[in-house]
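Q: have a look at this fold, sequence not included:
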């Protein structure tokens, strides 16, 4: 409960901060509109007026920034020297020279523009030239708040789905297996349980897809192709894996053996006599304990497991009881699980490539314009 309260507090803080930044950005655009519509008049305190005064450039100190040239300029005007930071364009940069006569445009107590002939060179305080993009950061914070809120709802739904999973079948359901007994490819009679699409498997994928779609407007338009490549790499592999899983994965059992086919259709089989028990455990998946049936050999080794993400555990549990295999809640692992190095490396490579493509699609960040 305390963690949930902290989550809602974080969501509220992000949403509030994002809204504040959006309001600031709106205010800056409103101020820029007022500047553009201003007329020349004597009221120096009104945002509807600007004033023009003659001057001469005394000194220029040019510097290059990530957004272009920025000149620190000393101008003699109105009987004093003023210092202004100008943002000349590539074509106007050569005009900003010592000794050049200029017209200085003042707006609400600051130099907004320096006119060199008919060329307007904006200053860093010019509201129409550009401003910090509060909207971008604001929308990012609002998006994060919405994402965290969706994750909280997803977490509650996933916990409810896992809590509702039935594993222990009733006696009637075990006896009902007789009606579903079929002839297997090897000529014996038995049962086939195929993997099925479960809601708990697709909800996180749907959230991930919605998150990627909703973040598109905040990405750099010139590099969204990289993001699409990352999406194709990530979701393409997931979709192929799911299709193959639902097509090929199945548990096959007769009265003497039990076998499982993986997502590639590769079959592994064990004699029923070599199975000590089937443990009812919770397999850790992020913050969730996924109900799982773990088949354990008589030597304590983990033979294979089936989770409620892909399988109807109640149906598999009924097959186990029909074969006389014990379903146990008291399993204590005796051997550590071996790490599949190849699978781990493949997951790491896909994650790094996808993350790099997504990160690249945000760079460079968009700049604000008035």
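A: Perfect, thanks for sending it. Given the structure is predicted, the values throughout are model-derived calculations rather than measurements. Residues are numbered from 1 along each chain as shown.

Q: mean confidence score for stretch 302-317?
A: On average, the pLDDT along stretch 302-317 is 92.

Q: neighbouring contacts of it?
A: Stretch 302-317 has contacts (C-beta atoms under 8 Å, 6 or more residues apart in numbering) with 162, 165-169, 173, 193, 195-196, 198, 200-201, 245, 249, 251, 260, 268, 270, 275, 278, 283, 285, 290-297, 327, 333, 335, 337. Every C-beta, even on glycine, is put in place using the N, C-alpha and C of the backbone.

Q: just the buried members of the residues you listed?
A: Buried by 16 or more other C-beta atoms under 10 Å: 162, 165, 167, 169, 173, 193, 195, 198, 200-201, 245, 249, 251, 260, 275, 278, 283, 290-296, 327, out of the contacts of stretch 302-317.

Q: from those residues, which land in helices?
A: 162, 173, 200-201, 245 (DSSP state H).

Q: now for those residues: which two are most distant?
A: Pairwise distances among those were taken by C-beta to C-beta; the largest, 25.1 Å, belongs to 173 and 245.

Q: one step back: among the ones in helices among the buried ones among the contacts of stretch 302-317, which one lies nearest to residue 14?
A: Nearest to residue 14 among those is residue 200, at 27.1 Å by C-beta to C-beta.

Q: which pLDDT value goes with that closest one?
A: The predicted structure scores residue 200 at 92 on the pLDDT scale.

Q: is it true that it touches residue 160?
A: No. Assessed by C-beta atoms under 8 Å, residue 200 is found out of contact with residue 160, at 9.6 Å.

Q: ok, back up a step: could I get the ones in helices among the buried ones among the contacts of stretch 302-317 as JSON lines with distance to residue 68?
A: Listed next are these as JSON lines, based on distance: C-beta to C-beta, whole Å:
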{"residue": "162", "distance to residue 68": "55"}
{"residue": "173", "distance to residue 68": "74"}
{"residue": "200", "distance to residue 68": "52"}
{"residue": "201", "distance to residue 68": "50"}
{"residue": "245", "distance to residue 68": "53"}
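
Q: which residue of this structure sits farthest from its center?
A: residue 79 (57.4 Å; C-alpha atoms, centre = their mean).

Q: just checking, which helix or strand of the chain averages the lowest pLDDT?
A: The least trusted helix or strand in the chain, going by mean pLDDT, DSSP states H and E, turns out to be helix 341-360, with a mean of 70.

Q: in strands only, show me the buried ones among the contacts of stretch 302-317.
A: Of the positions in the buried ones among the contacts of stretch 302-317, 193, 251, 260, 275, 278, 283, 290-296, 327 sit in strands, assigned by DSSP state E.

Q: closest one of those residues to residue 117?
A: Ranked by distance to residue 117 (C-beta to C-beta), those are led by residue 290 at 72.9 Å.

Q: show the contacting residues for residue 9.
A: For residue 9, counting by C-beta under 8 Å, 6+ apart, there are no contacting residues.
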